[in-house]
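Trainee: Just a sequence and a predicted model for now, questions to come.
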Amino acid sequence: MRLRQIALVGEDLAACEADIRAILGVDYAYDDPGVGAFGLRNAVFPIGETFLEVVSPKQDGTTAGRLLEKRGGDGGYMVILQVEDMPKVRKRIAGAGARVVAEHNREDGAVAYSHIHPRDIGGAIVSVDFMEPWDRWEWGGPAWREHVDTDVSVGIVGAEVQADDPPAMAGRWSEVLGAPAREHANFWCIPLDGGGEVRFVAPSDGRGEGLSRFDVKVRDPAKVREAASARGKLREDGDVTIAGTRVRLVQA
């Protein structure tokens with residue numbers, strides 16, 4: 001199980017795209033027509049072998065739109081994990097009593113996903129996805145590999161979820177996903193394959209529970225912060241902000 005994609009929600013998709021390009025140094029985005037079924041439009045950026053997505057409502061009554069209202073603006077939306085054994089994971093989800101709000105199985109068996117109801121796991125919509133072969137990623141579009149540029153940003157390596165009760169939410173994610181949770185000094189964590197992780201922390205921004213931060217491995221954090229500062233997106237603590245979500249910069 002590895003962290004493959006982070007999805008954010010933004011009211012102004014073009015503005016979010018511009019920040020991602022300028023700050024993280026990526027210059028290709030895929031417009032996935034499949035999200036139209038959920039009343040959304042989007043942009044998906046490859047960052048190494050991982051992906052950053054921003055979705056934006058194009059009609060009323062969407063889950064993303066309700067989240068914008070609930071959390072008072074742009075923010076984190078979804079954590080997408082890639083798994084090798086989809087039947088085993090689905091059995092685990094069902095056994096834990098977690099509802100699935102969307103599910104797909106492609107006829108050739110090469111692509112499948114299940115979206116877990118956020119109320120039944122906590123903090124965010126969690127999607128578990130299967131791709132054959134392992135290095136494939138359908139949501140990046142057919143030509144994403146041709147546009148990978150790691151001169152600035154190398155990959156997404158972490159997600160941070162605010163929880164009113166971090167150990168309880170970490171335990172629930174562990175129960176549903178079958179991945180062990182570990183206690184650290186100020187947070188709980190589920191380590192993932194490939195060096196990624198999901199952390200669970202107490203709320204600190206007044207917006208309640210939700211995906212509040214993600215980690216990007218970059219080659220020169222100082223240059224990324226300089227680009228963020230020029231756009232008014234640099235925080236005093238050194239994080240940058242994209243689509244209302246904190247980005248922790250990790251030295252590559």
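Mentor: Everything's here; your move.
Trainee: And the strands in the chain, which stretches?
Mentor: 2-9, 40-47, 50-57, 75-82, 100-105, 111-116, 125-131, 153-162, 182-183, 188-191, 197-201, 210-218, 240-242, 245-251 (DSSP state E).
Trainee: Which other helices and strands does the last one contact?
Mentor: Translated: strand 245-251. strand 153-162, strand 210-218, helix 221-230, strand 240-242 (3 or more C-beta pairs under 8 Å, 6 or more residues apart in numbering; DSSP states H and E). (Glycine included, C-beta is placed from N, CA and C.)
Trainee: taking the mean pLDDT, what do you get for the shortest one?
Mentor: I take that to be strand 240-242. Regarding strand 240-242, the rounded mean pLDDT is 98.
Trainee: helices or strands next to it in the packing?
Mentor: Packing partners of strand 240-242 (3+ C-beta pairs under 8 Å, 6+ apart): helix 13-24, helix 221-230, strand 245-251.
Trainee: Need the ones you listed in CSV (columns: mean pLDDT and mean neighbour count).
Mentor: CSV is the format used below for these (pLDDT from 0 to 100; neighbours: other C-beta atoms under 10 Å):
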stretch, mean pLDDT, mean neighbour count
helix 13-24, 97, 19
helix 221-230, 98, 16
strand 245-251, 98, 19
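Trainee: Which one of those lies nearest to Tyr30?
Mentor: helix 13-24 (11.4 Å; C-beta to C-beta).
Trainee: tell me which strands and helices that closest one is in contact with?
Mentor: Helix 13-24 packs on strand 40-47, strand 50-57, helix 221-230, strand 240-242, going by 3+ C-beta pairs under 8 Å, 6+ apart.
Trainee: Mind splitting this structure into its structural domains?
Mentor: Domain assignment for the chain, taken from automatic domain parsing, gives 2-144, 149-251.
Trainee: quick revisit: dump the strands of the chain into CSV; add distance to Trp144 as well.
Mentor: Output for the strands of the chain, formatted as CSV (distance: least, C-beta to C-beta, whole Å):
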stretch, distance to Trp144
strand 2-9, 11
strand 40-47, 5
strand 50-57, 8
strand 75-82, 14
strand 100-105, 19
strand 111-116, 15
strand 125-131, 12
strand 153-162, 13
strand 182-183, 32
strand 188-191, 26
strand 197-201, 23
strand 210-218, 17
strand 240-242, 19
strand 245-251, 21
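Trainee: Glu17: which of the ones you listed is closest?
Mentor: Of the strands of the chain, the one closest to Glu17 (C-beta to C-beta) turns out to be strand 40-47, at 5.0 Å.
Trainee: Pro166 touches Phe200, doesn't it?
Mentor: Yes - at 4.1 Å, Pro166 counts as touching Phe200 under the criterion of C-beta atoms under 8 Å.
Trainee: which residues do those two both contact?
Mentor: Common contact partners of Pro166 and Phe200 (C-beta atoms under 8 Å, 6 or more residues apart in numbering): 187-188.
Trainee: ok, the two, which is more surrounded?
Mentor: Neighbour totals were compared for Pro166 and Phe200, and Phe200 leads with 27 against 23 (other C-beta atoms under 10 Å).
Trainee: So what pairs up with the more buried one in the strands?
Mentor: Bridge pairing for Phe200 (DSSP bridges) gives the partners Val161, Trp188.
Trainee: ok, it - contacts?
Mentor: 123, 160-161, 163, 166-167, 169-170, 173, 181, 187-189.
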